[in-house]
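**Student:** fold the stuff below for me.
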Amino acid sequence: MRKNLFIVFIISIIIPIITFARIKNVIFLIGDGMGLNQIHASSIVADSALNMQRAHYIGLVDTHSADHYITDSAAGGTALACGVKTKNGMIGMNPDSVAIPSILRIAHTNKLSTGVVVTSSVTHATPASFLAHQVNRKMEEEIAVDILHSGVDVFIGGGRKFFSEREDKQNLIDSLHAKGYGVYSSIKEASISDSNKKGVLLADVGMPSKLEGRGNMLSEGTQLALDVLSKNKKGFFLLIEGSQIDWAGHANDIDGIIEETLDFDKAVGVAMDFADKNKETLVIVTADHETGGLQILGKDTDTKKLQTIFTSSYHSPVPVPLFAYGKDADKFSSYMENTTIKKILVELYRFKK
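**Tutor:** I've put the predicted structure just below:
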């Protein structure tokens, strides 16, 4: 009898520990401007399910900002990164211009490794929301200074001019070197370096589009970042953005949207494959907003081309999908505000509030 009671006692201790073990790694993938129809159109053209559709848990995310029914990427990114609604145009701040720590910055403070990989400039609105605090998204030189001081371990994207060709004549490339970063102009160059702090600046401003020959830098950059960040036994936070789904949406370019979404989905596949091998990893795929008000009308039986219309050349207010995969993915299978995601991540990481 005593032996049985002892076993029950031990189990009562072990089960909560197993159940409530913290997540170690988060890979947060944002398809800028990616709504449900962008995903569905891409799946139709690919004639197969996308990697993000491997997710077993799906939610919906409301995207309005503090001062507009339709958000911009600055307010949308800030809501996802910092867990607060803010005014359109503001980066990493609440509406009263008070800086709010992002989930990336909190991860860094807790000794986790952090990284950002984007197809825009690294100073653009969405990545900036995780790395910086500025009253206006257009302050990209100031955002570059914030990145310098953010402690981020790996950042990959465009935006070299905001570090090296500045109005204040500062050379932030030299400042990055002084802080121990290797600064590179190609992913291949960065991958053969043994530095664990990497700044990979691939273009003066934004990257070329996929149709213009960008290649596979997003999925390759994702793999490089994972190789570096996973060396930290405490874990990591990695932000990936398919930035140019949004740009193609503004141009009402359905071919561009599909190419950018499929390219983004390759990075999703890299992230999910990592999570399959590293069971303490959570993968989140969502958007900051939808762009273009895309509607799918059908598919031409002769040309096999999609028949689509756009209802806007700007963002729309529709909720966007969220796909969750890996550890604790079930926590995201609901309708939620975009500000909720950061709050859940803080709890799952077991960070101090």
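**Student:** so what's residue 44 up against?
**Tutor:** Neighbouring residues of residue 44 by CB atoms under 8 Å, 6 or more residues apart in numbering: 296, 299, 306. All C-beta atoms are positioned from the backbone trio N, CA, C, and that covers glycine.
**Student:** switch the cut-off to 7 Å
**Tutor:** Taking CB atoms under 7 Å, 6 or more residues apart in numbering as the contact definition, residue 44 lies against 299, 306.
**Student:** and for the one 10 residues further on?
**Tutor:** Listed by CB under 7 Å, 6+ apart, the contact set of residue 54 reads 272, 325.
**Student:** where does this structure have low pLDDT?
**Tutor:** Low-confidence segments of the chain (pLDDT under 70): 1-20, 353.
**Student:** what about the longest strand in it?
**Tutor:** The longest strand of the chain (DSSP state E) is strand 113-121.
**Student:** export that one to CSV, keeping only CA atoms.
**Tutor:** This file holds the C-alpha atoms of strand 113-121, laid out as CSV (Å, rounded to 0.1, in the frame of the first residue of the first chain):
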residue,chain,number,x,y,z
SER,A,113,19.7,33.8,-28.9
THR,A,114,17.7,35.9,-31.4
GLY,A,115,17.5,36.4,-35.1
VAL,A,116,15.7,38.2,-38.0
VAL,A,117,15.5,37.1,-41.7
VAL,A,118,13.5,39.3,-44.1
THR,A,119,13.1,40.0,-47.8
SER,A,120,12.8,43.8,-47.2
SER,A,121,15.3,46.1,-45.5
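**Student:** next one: it to chain centre, how far?
**Tutor:** Centroid separation between strand 113-121 and its chain, computed with CA atoms, centre = their mean, to the nearest Å, is 8 Å.
**Student:** check stretch 277-295 too.
**Tutor:** That offset, for stretch 277-295, works out to 8 Å (CA atoms, centre = their mean).
**Student:** with stretch 338-352 instead?
**Tutor:** 15 Å.
**Student:** so residue 304 sits in a helix?
**Tutor:** No - under DSSP: H, G, I helix; E, B strand; the rest coil, residue 304 falls outside any helix and is assigned coil.
**Student:** any idea how many residues pack against it?
**Tutor:** Using other CB atoms under 10 Å, residue 304 is surrounded by 10 other residues.
**Student:** in the stretch 1-150 of the chain, which spans are helices?
**Tutor:** For the stretch 1-150 of the chain, applying DSSP state H, counting those that start in this stretch gives helices covering 2-19, 36-46, 73-82, 103-109, 125-131, 140-150.
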